[in-house]
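Undergrad: Pasting a predicted model and its sequence here:
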Amino acid sequence: MIQLFGLARLGRDAELRSTSGGDSVASLSLAFNYGRKGDDGKKPTQWVDGSIWGKRAEALAPYLTKGSLVTVTIEDAHIETFKKSDGSEGTKLIGRVTAIDLAGGGERQAAPAPAPAPRQPQRAPAGGSSFDDDIPFAGISSKLPI
């Protein structure tokens, strides 16, 4: 069994669907950069189609958005052939995602943080200053040679 492990970027949002048997599956398009930079300043990219199954797919799909950086382990990696729209044959690398962690770096569309509550001005106590004149370390004696 071939296993892949690495840092990848999601090429599109996870696509969550259900099989006819009722199992949930999330499809991922993962971009792995490898090798040296070319003349254009970019590293080559290997695209891998991955799938996450079951409750994990349901739980993670909302967080697996285009551009997110993830560390991923893919098992049963293999090449599959398919017919392109022009009728020619194409190949793609696919596998089953067994572990995935968000690594940051993606554009998140989170709800804006609520505005902080306005602060009420504090009044000084009637007896004078609101500052405490006690020295916080008064219990510690320091005998320094003079």
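TA: Sure, I can see it.

Undergrad: quick one, helices of this structure?
TA: In the chain, the segments counted as helices under DSSP state H are 55-60.

Undergrad: distance between stretch 68-85 and the chain's centre?
TA: Centroid separation for stretch 68-85 versus its chain: 19 Å, with C-alpha atoms, centre = their mean, to the nearest Å.

Undergrad: what does it rub up against?
TA: With contact meaning C-beta atoms under 8 Å, 6 or more residues apart in numbering, stretch 68-85 is reached by 1-10, 30, 48, 50, 64, 89-106. The C-beta positions use only the backbone N, C-alpha and C, and glycine is treated the same way.

Undergrad: Next: stretch 34-44.
TA: Outside stretch 34-44, the residues touching it (C-beta under 8 Å, 6+ apart) are 33, 45-46.

Undergrad: Need the pLDDT of Pro116.
TA: pLDDT for Pro116: 59.

Undergrad: What of the one 5 residues further on?
TA: At Pro121, the pLDDT value in this model is 59.

Undergrad: cool, and Ser18?
TA: pLDDT for Ser18: 95.

Undergrad: quick one: it and Gly54 touch, right?
TA: No: at 10.9 Å, Ser18 does not count as touching Gly54 under the criterion of C-beta atoms under 8 Å.

Undergrad: Common neighbours of those two, please.
TA: Residues touching both Ser18 and Gly54 (C-beta under 8 Å, 6+ apart): Ser24.

Undergrad: one step back: now, of the contacts of stretch 68-85, which are buried?
TA: Among the contacts of stretch 68-85, those classed as buried by 16 or more other C-beta atoms under 10 Å are 4, 8-10, 30, 48, 50, 64, 93-95, 97-98, 100, 102, 106.
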